[in-house]
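Participant: sequence? don't have it. structure:
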């Protein structure tokens, strides 16, 4: 839930999710459409399907217990390198490098002397992080660097005056030079297919029965974009066609 979504938006859905599905087995026992319904307006709803698929895999392969082994975590549906490292480190005390957006920004400034890291993690970044990460208590280190990036070394208004590593920060020592690399990617939403997909899913989440196509036609004025968004939801498995109506899987 926290991937590309701030904590403030996640807390309420997370509490509701765990109240309904306290274990992987509980989630796996329900249809995947219920996971999409409970996902609400968090965005990137394919994550809900992947989380449900991971719960099913955990039940089938690991007797309902989340595996502690890094490779076994990576083998779960929807689990990539960051998620596997985070679960390994924070749930099981593993020594994995947890390289999220906040950590990457702290390392870019403190060590590399630049305002922002590359748009996507590089091999050089991973090597640097691996060199810095302590062999013991890696989870505490990861949490500390994450919090430093989230609360002090923020993207827009870094609080350098409050930073505990200011005197060792290469970016601060260089006078906080402005980013001169590739343009940072924005996350536009208004008017995009993502917005149309969200509108369509909102109607389907609120409906107990399959929704007629004519009702979905009212969601968005542009029929070409609406059809494209609906077809993409079908392709992603987030929506299922039932004759001339649509429903969650």
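Facilitator: Ah, there it is. All values derive from a computational prediction rather than experimental measurement.

Participant: residues in contact with the residue nearest to residue 158 when sequence neighbours are not counted?
Facilitator: Spatial nearest neighbour of residue 158, excluding adjacent residues (C-beta to C-beta, 6 or more residues apart in numbering): residue 152 at 6.9 Å. Just so you know, the C-beta spots here come from the backbone N, C-alpha and C atoms, and that holds for glycine as well. Taking C-beta atoms under 8 Å, 6 or more residues apart in numbering, we find residue 152 in contact with 158-159, 162-164.

Participant: and residue 39, how far is that from residue 148?
Facilitator: In this view, residue 39 and residue 148 are 30 Å apart by C-beta to C-beta, to the nearest Å.

Participant: The two: who's more crowded?
Facilitator: The residue with more neighbours, out of residue 39 and residue 148, is residue 39; 23 against 19, by other C-beta atoms under 10 Å.

Participant: does the nearest residue to that one once chain neighbours are set aside belong to a helix or a strand, and which?
Facilitator: Leaving aside its sequence neighbours, residue 39 sits nearest to residue 48 (C-beta to C-beta, 6+ apart; 3.9 Å). For residue 48, the host element (DSSP states H and E) is helix 46-62.

Participant: Give me the contacts around the helix or strand following that helix.
Facilitator: Downstream of helix 46-62, the next assigned helix or strand under DSSP H and E is helix 70-74. Identification of contacts with helix 70-74 by C-beta under 8 Å, 6+ apart yields 61-62, 66-67, 79-81, 83-85, 87-88, 94, 96.

Participant: Show me which residues of helix 70-74 are buried.
Facilitator: Using 16 or more other C-beta atoms under 10 Å as the test for burial, helix 70-74 gives 70, 72-73.

Participant: quick one: which of those residues is nearest to residue 248?
Facilitator: Using C-beta to C-beta, residue 73 comes nearest to residue 248 of these, at 27.4 Å.

Participant: State the distance from the closest one to residue 58.
Facilitator: For residue 73, the distance to residue 58 (C-beta to C-beta) stands at 10 Å.

Participant: do residue 33 as well
Facilitator: The gap separating residue 33 from residue 58 is 19 Å, by C-beta to C-beta.

Participant: who's more crowded, the two?
Facilitator: Each of residue 33 and residue 58 has its neighbours counted (other C-beta under 10 Å); residue 58 has more, 23 against 20.

Participant: Quick check, residue 248 in contact with residue 38.
Facilitator: No: using C-beta atoms under 8 Å as the test, residue 248 is too far from residue 38 to be in contact (10.6 Å).

Participant: more crowded one of the two?
Facilitator: Comparing residue 248 with residue 38 by other C-beta under 10 Å, the one with more neighbours is residue 248, at 22 against 18.

Participant: any idea how this protein splits into domains?
Facilitator: Under the assignment the TED database, the domains of the chain span 7-92, 101-174, 193-247.

Participant: and residue 246, that's in a helix?
Facilitator: No: assignment of residue 246 by DSSP: H, G, I helix; E, B strand; the rest coil gives strand, placing it outside any helix.

Participant: just to revisit the earlier point, which one of the contacts of helix 70-74 has the most neighbours?
Facilitator: residue 88 (24 neighbours).

Participant: burial of residue 144, as a residue count?
Facilitator: Around residue 144 there are 14 residues (other C-beta under 10 Å).

Participant: change the start of the numbering to 39 and stick with it
Facilitator: Shifting the count to begin at 39 puts that one at residue 182.
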